[in-house]
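**Student:** Attaching a predicted model along with its sequence, questions to come.
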Amino acid sequence: MSAVRTVVRGGLVVTAADEMHADVLVEDGRVVALAATGSDTAASWTDARVMDAHQKYVIPGGVDGHTHMEMPFGGTYSADTFETGTRAAAWGGTTTIVDFAIQSVGGSLREGLDTWYAKADGKCAVDYGFHMIVSDVNEDTLKEMDLLVSEGVTSFKQFMAYPGVFYSDDGQILRAMQRAADNGGLIMMHAENGIAIDVLVEQALARGETDPRFHGEVRKALLEAEATHRAIRLAQVAGAPLYVVHVSAREAVAELARARDEGLPVFGETCPQYLFLSTDNLAEPDFEGAKYVCSTPLRPKEHQAALWRGLRTNDLQVVSTDHCPFCFSGQKELGRGDFSKIPNGMPGVEHRMDLLHQAVVDGHISRRRWIEIACATPARMFGLYPKKGTIAPGADADIVIYDPHAEQTLSATTHHMNVDYSAYEGKRLTGRVETVLSRGEPVITEREFTGRAGHGTYTPRGTSQYLN
Ligand code: URP
Ligand code: ZN
Ligand code: ZN
């Protein structure tokens, strides 16, 4: 809690709904009031610490609904801890993450969730919540889902990919969806036909196709679209809403659009890597393509237009990072000579707000849509709104002073994520986070880290505000 009264003066406050030149009064970690800059009301706020935001945007802290800190994958762990990953999030103007606790096969949801509570406890620079990865659907798991929803873990990820690891078959998926339809949970789906993909992987390796670029070739867009279609229809049968994670293929966007046109409660997320990178990166020589191995995979550039369009038409509602970093040295290198052994995942938690601001500069989306897809909708989707995702009386004072004119160049030499490469090395961006308040506390102050591990608190969530 902040004992100090703070007023953020003179900026352009941008939320998903509005833009106005306003001063924002903060007390005890919450937004108390907004008043037009220069008004008598704003002028009466004299006994407060002043943060100057003239010529700047004042935006809600970002809500990244998809991260994997310290995630076990492919015989190693993603390289950011909750401490380093949430610090990097703060640098990038993200003040809430929702990470994924994992049920190990044969274990309970409870054990998995408690393990993740312990990993994050006392470590985070910004607030955090958890989704639960359900890798073993059985009678006990289904009952546990009810308990988790009442405890504030209101969303469950299932995988149609990775047979033998996280994979659920259609029967298990249907059962979990039926349970979610009853208990108010939201099923998040990794939609790729993993059984078919594993056949194509085996055949590619047998032909000697071992380079990272074959990761993109075997994980075909059609197999993402097929799984997306199947997940949608299973959810329809179960009477459950569905949120499809990391959508990358235009054919998968088309499946979502068709279902939404039919009136189904189906939602889609994409990630900056699919909007800004492509199979050209996967094909970089000297095994450099491994830096871009994630699933769903990067697609040919032609898919990007459909993703941007989906974000504009609201067939896609959220941009999360799927932040799951593995160092090139020693981690991505596990897959030299066999692309299927490259740990899947890319770094990104630090750059989502900036890359999406660049999309505003480039004319892909409006300023308010930027805030909608990066702050307000993920907060609503995952039961955090209006505590998170907006600037309004009563909301947590998670506020970013954003300089829309600053120029920056992304690089591993300057980023704060615990990973030895940048997926955007040398990319020039217009716009940069200047100051970040998390519940009223400055965690970044004029480009200096002023937060601490343990400031970030666990945030139980309500049910999705999109259920109805
Ligand atoms: O490649 C990815 N996306 N790694 C993280 C795990 C997942 O499937 O989201
Ligand atoms: Zn996934
Ligand atoms: Zn993920």
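**Tutor:** Cool, got the structure. Ligands and ions are numbered 1, 2, ... in the order given.

**Student:** For stretch 432-440, what is the distance to the chain centroid?
**Tutor:** 18 Å (Cα atoms, centre = their mean, to the nearest Å).

**Student:** So which residues on the stretch 201-350 of the chain come close to ligand 1?
**Tutor:** By Cβ under 6 Å from any ligand atom, the residues of the stretch 201-350 of the chain that approach ligand 1 are His246, Cys294, Ser295, Asp322, Cys324, Asn344, Gly345. Glycine gets a C-beta too; all of them are placed from N, C-alpha and C.

**Student:** Let me know the closest of these to Leu356.
**Tutor:** Asp322 (14.5 Å; Cβ to Cβ).

**Student:** how close does that closest one sit to Val247?
**Tutor:** Distance, Asp322 to Val247, by Cβ to Cβ, to the nearest Å: 11 Å.

**Student:** Low-confidence bits of the stretch 1-150 of the chain, can you list those?
**Tutor:** 1-3 (pLDDT under 70).

**Student:** tell me the strands in it, going along the chain?
**Tutor:** Secondary structure of the stretch 1-150 of the chain by DSSP state E, counting those that start in this stretch: the strands cover 6-14, 19-27, 30-36, 49-52, 57-60, 62-67, 72-73, 76-77, 94-102, 127-133.

**Student:** Give the pairing partners of the fourth one; include direction for each.
**Tutor:** Strand 49-52 sits in its sheet next to strand 6-14 (parallel), going by DSSP bridges.

**Student:** what's near enough to touch the closest residue to Arg9 other than its chain neighbours?
**Tutor:** Spatial nearest neighbour of Arg9, excluding adjacent residues (Cβ to Cβ, 6 or more residues apart in numbering): Asp23 at 4.9 Å. By Cβ atoms under 8 Å, 6 or more residues apart in numbering, the contact set of Asp23 is Val7, Val8, Arg9, Gly10, Leu34, Ala35, Ala36, Thr37, Ala42, Trp45.

**Student:** same thing but 6 Å
**Tutor:** If you count contacts by Cβ atoms under 6 Å, 6 or more residues apart in numbering, Asp23 has them with Val7, Arg9, Ala35, Thr37, Ala42.

**Student:** Looking at the residues you listed, state which has the most neighbours.
**Tutor:** Sorting these by how many neighbours each has (other Cβ atoms under 10 Å) puts Val7 first, at 23 neighbours.

**Student:** wait, doesn't that one sit right on Arg49?
**Tutor:** No - counting by Cβ atoms under 6 Å, Val7 stays clear of Arg49, with 7.4 Å between them.

**Student:** Return every residue with contacts to both of the two.
**Tutor:** Counting by Cβ under 6 Å, 6+ apart, nothing touches both Val7 and Arg49.

**Student:** Selection in ChimeraX covering whichever of the residues of the stretch 201-350 of the chain next to ligand 1 are buried, please.
**Tutor:** Buried members of those, defined by 16 or more other Cβ atoms under 10 Å, are picked up in ChimeraX with:
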select :246,294,295,322,324,344,345
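
**Student:** Noted, bye for now.
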